[in-house]
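Engineer: next comes the sequence, and after it the predicted model I'd like to discuss.
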Amino acid sequence: MKLPVINNWSTTATSGDNPYLAPENNPLVVQGHVHGRDGFEDGSQIVTSHVVDVRSDRWGHTIDTVSGSRYRLGTVDAKWVAWLRERGIEFDPRRPIIKRNRNRN
């Protein structure tokens, strides 16, 4: 099965269903340009639902979302990586997304 690919991607946190969650506990989503996804024109901007799993294999990195979608991560957004570095956060391409534990209240 060929997975859709998200290129020029970055992550952001959302408030989810609980507006009282501390920012560091907000679930992550991935945004970027999707290719190979049914119902979307190649290159369309997409924001995924919350990321629930991140896997790495010899072909790269795959994410699963709370809605049941699965994507392969393509090229990362260079501007986002620069933004991270400006804030003292080093991007590690071997672990591009670090899934955080969060309480589900």
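Structural biologist: Perfect, I can see it now.

Engineer: just give the nearest non-adjacent residue to Gln45, would you?
Structural biologist: Once flanking residues are discounted, Gln45 sits nearest to His33: 6.2 Å by CB to CB, 6 or more residues apart in numbering. Where C-beta positions appear, they are placed from N, C-alpha and C, glycine not excepted.

Engineer: and Arg58, what does it touch?
Structural biologist: With contacts taken as CB atoms under 8 Å, 6 or more residues apart in numbering, Arg58 has no neighbouring residues.

Engineer: can you pull up the most central residue in this protein?
Structural biologist: Against the mean C-alpha coordinate of the chain, by CA atoms, centre = their mean, the closest residue is Val30 at 2.8 Å.

Engineer: run through the strands of the chain in chain order.
Structural biologist: 5-13, 28-35, 44-47, 51-57, 60-65, 70-73 (DSSP state E).

Engineer: possible to save these as TSV with mean pLDDT and distance to Arg94?
Structural biologist: Output for the strands of the chain, formatted as TSV (pLDDT from 0 to 100; distance: least, CB to CB, whole Å):
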stretch	mean pLDDT	distance to Arg94
strand 5-13	94	16
strand 28-35	95	17
strand 44-47	96	24
strand 51-57	92	7
strand 60-65	95	9
strand 70-73	97	12
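
Engineer: surely the residue nearest to the centre of the chain touches Leu73?
Structural biologist: Yes - using CB atoms under 8 Å, Val30 makes contact with Leu73 at a distance of 7.4 Å.

Engineer: which residues are in contact with both of the two?
Structural biologist: Taking CB under 8 Å, 6+ apart as the criterion, Val30 and Leu73 both touch Ile6, Trp9, Ile63, Ile97.

Engineer: list just the nearest of those to Ala22.
Structural biologist: Each of the shared contacts of Val30 and Leu73 was scored against Ala22 by CB to CB, and Ile97 proved nearest at 19.5 Å.
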